[in-house]
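> Could you work out the structure for the sequence below:
(one chain, ligands or ions: 1)
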Amino acid sequence: MSERAHGTPAVHAPVVVAGLAIGWANRTLIENISFDVHSGEIFAILGGSGAGKSTLLRCLVGLDPPLKGEIHIEGNGPPDLEHGLPPFGVMFQGGALFGSLTLLENVKLPLEQWTRLAARDVEEIAYAKLRMVGLADAANRPPSELSGGMLKRAAIARALALDPKLVFFDEPSAGLDPVTSADLDDLILTLARTTQLTVVLVTHELESLFRIADRCLLLDQASKSVRAVGDPRALRNSADPSVHQFFNPGFAVKERSWRPVPPT
Ligand SMILES: Nc1ncnc2c1ncn2[C@@H]1O[C@H](COP(=O)(O)OP(=O)(O)OP(=O)(O)O)[C@@H](O)[C@H]1O
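Numbering: from 1, shown residues only. The predicted model follows:
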């Protein structure tokens, strides 16, 4: 279901996807994927387990080639990770911090790799990023000494080290308890709203989705298609039963649970 088919302007969108098919060798996961991510919005990729959410994200950041279709990132074609600085930050599911380095050293890495800044400036910027995610006090600790929530924050700091205007997060709240997950949502929301950051994230946490996402894309494994695109709060009331069920998973159970017990 293309948003542009419904008239949404696509000019200068940070992410534009048209007629994309994703999958592996001779196995197509999802076809005809078309959507735009608007500047400054938080856009979520949703779907059941194995639907292809991470595969789509990997295509968007240039790690895997799509089977077919177009991807435009920041007005260019698909990202070419082998040549030059990618115009976005990425946080993968596990955070992917280097265990042998301190948090500060982890955040310094992209600055050292992609800029010619003096060592003092690199250190200052890396500290500023850690401060931004509330981890300045932990700058000299290794990842092994941190909680799951702190590791995610550190990974976000590293993804933002080069001040990208666009970031991709794969399951940022995976493995976190509800309180830590809500704190992380607040951080993502604050970053997006205060720095005009465009965020594309994969999630399967509905609570988090309703809390932070402006719009979302629902992938459907059975029909190999995009089932819905739009505001998750509106999709909650979708007339399409499968979309309604996805956004209201407890609905049928709740209905059954308060039905009176028949007299014996
Ligand atoms: N490198 C690969 N080669 C072949 N098939 C793969 C590869 N990586 C993933 N797949 C398959 O593609 C399908 C989609 O995987 P993907 O990780 O994109 O799903 P997902 O929606 O992110 O699922 P989950 O929510 O469980 O993480 C799965 O059936 C998976 O086994």
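
> Assign the most centrally placed residue in the chain to helix, strand or coil.
In the chain, the C-alpha nearest the mean C-alpha coordinate belongs to residue 201, at 1.2 Å (C-alpha atoms, centre = their mean). The assignment at residue 201 comes out as strand when based on DSSP: H, G, I helix; E, B strand; the rest coil.

> which non-adjacent residue is nearest it?
Excluding its sequence neighbours, the residue lying closest to residue 201 (C-beta to C-beta, 6 or more residues apart in numbering) is residue 169, at 4.1 Å. In short, each C-beta sits where N, CA and C put it, glycine included.

> repeat for residue 29
Taking C-beta to C-beta, 6+ apart as the measure, residue 29 lies nearest to residue 52, with 3.7 Å between them; neighbours along the chain are not counted.

> The one you found against residue 31, yeah?
No - counting by C-beta atoms under 8 Å, residue 52 does not reach residue 31; the two are 10.4 Å apart.

> so what's the closest residue to residue 99 other than its chain neighbours up against?
Sequence neighbours aside, residue 143 is the residue nearest to residue 99 in space, at 5.5 Å (criterion: C-beta to C-beta, 6+ apart). Listed by C-beta atoms under 8 Å, 6 or more residues apart in numbering, the contact partners of residue 143 are 95, 97, 98, 99, 101, 103, 106, 151, 154.

> Any figure for the gap between residue 143 and the ligand?
According to C-beta to the nearest ligand atom, to the nearest Å, residue 143 and the ligand sit 22 Å apart.

> How about residue 58?
Using C-beta to the nearest ligand atom, residue 58 is found at 8 Å from the ligand.

> follow-up on the earlier one: which residues sit in contact with the residue nearest to residue 29?
Contact analysis of residue 52 by C-beta under 8 Å, 6+ apart lists 22, 23, 29, 30, 219, 221.

> what's the pLDDT at it?
The pLDDT attached to residue 52 in the predicted structure is 93.

> One more: residue 43?
Reported pLDDT at residue 43 in the predicted model: 97.

> quick one: which helix or strand includes it?
strand 42-47 (DSSP states H and E).

> wouldn't residue 108 be in contact with residue 124 here?
No - the pair residue 108 and residue 124 does not pass the contact test of C-beta under 8 Å, sitting 10.2 Å apart.

> Can you pull the phi/psi pair for residue 135?
Backbone torsions for residue 135, taken as degrees, to the nearest 10, come to phi -120, psi 20.

> With the one 5 residues further on instead?
In terms of degrees, to the nearest 10, the main-chain angles of residue 140 are phi -100, psi 10.

> Tell me the pLDDT of it.
What the model reports as pLDDT for residue 140 is 93.

> Repeat that for the one 5 residues further on.
For residue 145, the pLDDT comes out at 89.

> Run a quick neighbour tally on it.
Per other C-beta atoms under 10 Å, the neighbour tally for residue 145 reads 10.

> next one: residue 119
10.

> Would you check how far apart it and residue 109 are?
To residue 109, residue 119 is 13 Å away according to C-beta to C-beta, to the nearest Å.

> What of residue 242?
Applying C-beta to C-beta to residue 242 and residue 109 gives a distance of 43 Å.

> so what's the residue in the stretch 101-250 of the chain positioned nearest to the ligand up against?
Of the residues in the stretch 101-250 of the chain, the one nearest the ligand is residue 204, at a distance of 5.6 Å by C-beta to the nearest ligand atom. Remark: with contacts taken as C-beta under 8 Å, 6+ apart, residue 204 is in contact with 46, 49, 53, 171.

> Which PyMOL command selects the buried ones in those?
Entered in PyMOL, the line below selects the buried ones among the contacts of residue 204, by 16 or more other C-beta atoms under 10 Å:
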select buried, resi 46+53+171
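
> Check the secondary structure at the nearest residue to residue 13 once chain neighbours are set aside for me.
Spatial nearest neighbour of residue 13, chain neighbours left out: residue 36 (4.0 Å); criterion: C-beta to C-beta, 6+ apart. At residue 36 the chain is in strand, as set by three-state DSSP.

> same thing with the one 4 residues further on?
When classified by three-state DSSP, residue 40 comes out as coil.
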